[in-house]
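J.: based on what follows, work out the 3D shape:
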Amino acid sequence: MLTAIIVEDMKDAMELLKSDIETHHSEIKIIDTAKSVIEAAKILQKKQPDILFLDIMLGDGTGFDVLEIFPNLTSKIIFVTASDEFAIKAFKFAAIDYVLKPYAHDELSQAIERAKQQIQPSKERLNILKETLSAPEKKPDKISLHTLDKIIIVNLDDIIRCESDSNNTMFHLQDKRKIFVTKTLKYFSDMLKPYGFLRIHQSHLVNLQCISAFIKTDGGYLMLKNGENVPVSVRKKTEVIDILDQMHR
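T.: Below is the predicted model of the structure:
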């Protein structure tokens, strides 16, 4: 039997989550609930559950405040957040799991399964999440990349380009490292487009700062500052030329 504590400041959301767990997850026993950072802190001083369901926005602070009070917390954390594009972006940049309110039952089940297997997110990944959530309009400095066996944190400015490899993506970095990530190029294209990355081809996403020239011969390709050449698809040519023109005005 696994123990759980729910930290959630909305009464309806709390009751729904509690009811769902009791109805569909008999292996989990809810030992307490809290509506605020202060309440959660008092409870966690006395008992630490196997799983902590932690709402991000609480009336007297945030879920991060709870984690800062207990830096050595051993509970597996399932973050719960309201449906918000900025929040979703922040979780993706930090490569941390979350459940969206209102959630579907299978999403909750998947989150519980992942929580049972997961190792705790590192302090650095939690910082990425916190910083991206607190300044949604600002370009994030870092991104967490989920490889097959670990999570690697890289600076956004160190990414030269990303290349599609079937349903996976290969990141090419300034220091010549290549990082293989088990997510599609579209996933990263959608995520990085607002921050100076452009999908120039079905298989290629490039950091605009790393382009040195657009060569119009041989079907059209980009010359990158590291000496590599990357093809530009026919339907992307006009967009690429327009963006490069704007950059050099």
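J.: the residue of the chain positioned farthest from its centre: what secondary structure?
T.: Distance from the centre of the chain peaks at T217, with 38.7 Å (C-alpha atoms, centre = their mean). At T217 the chain is in coil, as set by DSSP: H, G, I helix; E, B strand; the rest coil.
J.: in the protein, which residue is most central in space?
T.: Central residue of the chain (C-alpha atoms, centre = their mean): K92, at 1.5 Å.
J.: from what I can see that one touches D190, true?
T.: No. In this structure, K92 is not within contact of D190 by C-beta atoms under 8 Å, at 9.2 Å. Glycine gets a C-beta too; all of them are placed from N, C-alpha and C.
J.: re earlier: apart from its neighbours in sequence, what residue is nearest the residue nearest to the centre of the chain?
T.: M191 (5.7 Å; C-beta to C-beta, 6 or more residues apart in numbering).
J.: can you pull the contacts of that neighbour?
T.: Going by C-beta atoms under 8 Å, 6 or more residues apart in numbering, M191 touches 89, 92-93.
J.: repeat that for L108.
T.: 17, 20-21, 24, 99.
J.: distance of S134 from A87?
T.: 11 Å (C-beta to C-beta, to the nearest Å).
J.: so which of these two has more stuff around it?
T.: A87 (20 against 12; other C-beta atoms under 10 Å).
J.: you'd agree the more buried one is in a strand?
T.: No. A87: not assigned to a strand; according to three-state DSSP it is helix.
J.: next one: it from I215, what distance?
T.: A87 is 41 Å from I215, by C-beta to C-beta.
J.: next: A95.
T.: Taking C-beta to C-beta, one finds A95 at 35 Å from I215.
J.: likewise for M1?
T.: In terms of C-beta to C-beta, M1 sits 64 Å off from I215.
J.: before we move on, what about L173?
T.: 24 Å.
J.: please apply the same query to H25.
T.: Applying C-beta to C-beta to H25 and I215 gives a distance of 58 Å.
J.: between the two, who's got more neighbours?
T.: Between H25 and I215, H25 has the larger neighbour count (other C-beta under 10 Å), namely 16 against 13.
J.: quick check: the more buried one touching E113?
T.: No. Taking C-beta under 8 Å as the definition, H25 is not a contact partner of E113, at 10.1 Å.
J.: start and end of stretch 233-242, how far apart?
T.: One end of stretch 233-242 sits 14 Å from the other (C-alpha to C-alpha, to the nearest Å).
J.: low-confidence ranges in this protein?
T.: 83, 119, 249 (pLDDT under 70).
J.: which stretches of it form helices?
T.: 11-24, 37-46, 63-69, 85-94, 105-117, 123-134, 185-192, 237-247 (DSSP state H).
J.: redo these as a markdown table? Include distance to K150.
T.: What follows is those, written out as a markdown table (distance: least, C-beta to C-beta, whole Å):
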| stretch | distance to K150 |
| --- | --- |
| helix 11-24 | 30 |
| helix 37-46 | 28 |
| helix 63-69 | 21 |
| helix 85-94 | 15 |
| helix 105-117 | 14 |
| helix 123-134 | 12 |
| helix 185-192 | 18 |
| helix 237-247 | 34 |
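J.: L224 is nearest to which of those helices?
T.: Closest to L224 of the helices of the chain is helix 237-247 (C-beta to C-beta; 12.7 Å).
J.: counting by contacts, list what that closest one packs against.
T.: Packing partners of helix 237-247 (3 or more C-beta pairs under 8 Å, 6 or more residues apart in numbering; DSSP states H and E): strand 197-201, strand 211-215.
J.: so which bits of that helix are buried?
T.: Neighbour counts using 16 or more other C-beta atoms under 10 Å place 240, 243 of helix 237-247 among the buried residues.
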